[in-house]
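> I would like to see how this sequence folds:
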Amino acid sequence: MYNPSGFAIKDLHELQQQIIDTRLALMVTHGEQGLQASHLPLLFNPEQGPNGTLYGHFARGNPQWKELQNGAEALVIFAGADAYVSPGFYPSKAEHGKVVPTWNYVAVHAYGTADVFTEADRLLNLVSALTDRHEASRQQSWKVTDAPADYIDGMLNAIVGFALPIQRLEGKRKLSQNRSAADIAGVREGLAASPDVHDQALAHLMR
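Presented below is the predicted three-dimensional model:
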């Protein structure tokens with residue numbers, strides 16, 4: 001991605017935290033069938049490899065997994081908070097009027113090639129871990145073992161798993177760092193006062 005040095009995230013822990021915080025990632029590949037993209041919930045192990053390893057699965061009918069199997073590089077996008085920035089937020093607007101709208105956001109891109117697998121035990125471990133993660137906040141959490149075993153076996157036959165060691169990792173925090181302190185404060189206050197929860201989330205990052 002276009003990433004001026006003033007916006008680049010350099011800290012590995014911060015990059016990895018954005019991966020952990022993103023509930024649904026976007027995986028993009030390019031192969032014989034051209035560009036393909038899938039929205040996927042992923043598991044992340046930050047201790048496997050220098051940048052961590054991603055785990056997920058495709059529906060078997062999704063042809064994108066075949067591109068991974070053939071060695072295609074994957075780009076996985078983890079989008080964080082984002083917000084439209086109005087020129088009206090800038091105190092400098094009243095001074096000279098030389099302001100335009102922009103967009104503030106946080107994003108992390110991970111790159112790598114994946115190991116594709118179909119072994120039932122690995123798939124079961126994967127879907128169980130994914131389920132446990134997203135059911136953890138529920139008072140009565142559902143577990144894979146709550147479903148009949150033969151039904152789960154059939155579901156596992158319908159998916160293909162992958163492990164993707166992250167070979168390259170880059171991140172961007174565009175939070176008005178290129179503006180004056182007064183303009184940054186104006187953006188932060190303007191977004192914090194918005195009724196939109198996405199604006200408020202972005203304002204929180206600017207504190």
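
> tell me where this structure has strands.
8-9, 25-31, 34-40, 43-45, 53-59, 74-85, 102-112, 115-117, 159-165, 168-174 (DSSP state E).

> from Ile9, how far off is the residue most central in space within the chain?
Closest residue to the average C-alpha location of the chain: Phe78 at 1.8 Å, with CA atoms, centre = their mean. For Phe78, the distance to Ile9 (CB to CB, to the nearest Å) stands at 11 Å. (Glycine included, C-beta is placed from N, CA and C.)

> what's the overlap in contacts for the two?
Counting by CB atoms under 8 Å, 6 or more residues apart in numbering, the shared contacts of Phe78 and Ile9 are 18, 108.

> closest one to Asp146 among the strands of the chain?
strand 159-165 (18.3 Å; CB to CB).

> quick one, the closest one and strand 25-31 angle?
Inter-element angle recorded for strand 159-165 and strand 25-31: 90 degrees (by axes from the mean of the first three to the mean of the last three CA atoms, to 10 degrees).

> tell me which other helices or strands strand 159-165 touches.
strand 53-59, helix 64-69, strand 102-112, strand 115-117, helix 120-135 (3 or more CB pairs under 8 Å, 6 or more residues apart in numbering; DSSP states H and E).

> show me what the fourth one is packed up against.
Packed against strand 115-117 by the contact rule (3+ CB pairs under 8 Å, 6+ apart) you find helix 64-69, strand 159-165.

> give the buried residues for stretch 150-167.
152, 156, 159-166 (16 or more other CB atoms under 10 Å).

> quick one: terminal-to-terminal distance for it?
Across stretch 150-167, the terminal residues are separated by 37 Å (CA to CA, to the nearest Å).

> before we move on, what about stretch 31-50?
With CA to CA as the measure, stretch 31-50 spans 26 Å from end to end.

> so what touches that stretch?
16, 19-20, 23-30, 52-58, 62-64, 66-67, 70, 72, 76, 126, 129-130, 133-134, 165-166.

> flag every buried residue along that stretch.
31, 36, 38, 40, 42-44, 46.

> as TSV, those residues with pLDDT and distance to Pro87 would be great.
Formatted as TSV, these follow (pLDDT from 0 to 100; distance: CB to CB, whole Å):
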residue	pLDDT	distance to Pro87
Gly31	89	43
Gln36	97	38
Ser38	98	37
Leu40	98	37
Leu42	98	37
Leu43	98	41
Phe44	98	38
Pro46	96	39
